[in-house]
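Novice: Kindly generate the corresponding structure for this input.
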Amino acid sequence: MTTAVLNEKLEVFKKSLEDIVATLKNTEEAVLYKKPSEKEWSAMQIVSHIVEAVDFWVVDLEALLVVPGAKWGRNHEHVRRLAAVDESVVSRINKDEAITALQNLVPKVEAALAKVKEEDLVKTAPSYNPNFDGKSLSFLVEHLIVGHVAGHYGQIVRHLKKVR
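Specialist: Next comes the predicted model:
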């Protein structure tokens, strides 16, 4: 790691994943697939989304380190994003597989952040998502990897309260 900021971000990321894993372990598996409403995801859909999204953003981050300024990102209609939350796909994921997939994100994120230099964090690039256009790599790390997972932990907790 090149900066204390990245170390702090990595610790927040790890803590969020640990909290999600603990929640999954302490929840009856069938409850994880219940949706609070027709328009909301189940806890397992959220977990599947987290795994897919972090993988996606880590690949984008690493690519931007190699090709600074390249167009990056996606919108909410991205096919991999949609597939990750499809109920028929999610129904085939069991709790132990989900926990393993979440835990496997830690070394991926650690390896990616180890490649980031302090001067990389301020670099910007155009994005396929107009909301992210011209954002810096620090935005990608802070919001799309770290903050995204932390936010989804809270969402999982809220959803589980609704379905219990």
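Novice: buried sites along stretch 14-31?
Specialist: Using 16 or more other C-beta atoms under 10 Å as the test for burial, stretch 14-31 gives 14, 16-17, 19-21, 23-24, 27. Every residue, glycine included, has its C-beta placed from N, CA and C.
Novice: got it, and stretch 98-107?
Specialist: Applying 16+ other C-beta under 10 Å to stretch 98-107 flags 98-99, 101-102, 105 as buried.
Novice: Output those in JSON lines; the columns should cover pLDDT, distance to L137 and secondary structure.
Specialist: Shown next, in JSON lines, are the buried residues of stretch 98-107 (pLDDT from 0 to 100; distance: C-beta to C-beta, whole Å; DSSP: H, G, I helix; E, B strand; the rest coil):
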{"residue": "A98", "pLDDT": "98", "distance to L137": "29", "secondary structure": "helix"}
{"residue": "I99", "pLDDT": "98", "distance to L137": "29", "secondary structure": "helix"}
{"residue": "A101", "pLDDT": "98", "distance to L137": "25", "secondary structure": "helix"}
{"residue": "L102", "pLDDT": "98", "distance to L137": "24", "secondary structure": "helix"}
{"residue": "L105", "pLDDT": "98", "distance to L137": "19", "secondary structure": "helix"}
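Novice: and which of the residues you listed is nearest to L61?
Specialist: Nearest to L61 out of the buried residues of stretch 98-107 is L105 (C-beta to C-beta; 13.0 Å).
Novice: Please name the spatially closest residue to I50 (chain neighbours excluded).
Specialist: Nearest non-adjacent residue to I50, counting by C-beta to C-beta, 6 or more residues apart in numbering: H152, 5.4 Å away.
Novice: Just give me how far the helix or strand harbouring V157 sits from the chain centre.
Specialist: Using DSSP states H and E, V157 sits within helix 148-163. Here helix 148-163 is found 13 Å from its chain centre; the criterion is C-alpha atoms, centre = their mean, to the nearest Å.
Novice: which other residues reach it?
Specialist: 12-13, 16-17, 19-20, 23, 27, 31-32, 34-37, 40-43, 46-47, 49-50, 53-54, 57 (C-beta atoms under 8 Å, 6 or more residues apart in numbering).
Novice: Repeat that for stretch 92-107.
Specialist: Counting by C-beta under 8 Å, 6+ apart, 13-14, 17, 20-21, 24-25, 29, 32, 44, 47-48, 50-51, 54-55 sit against stretch 92-107.
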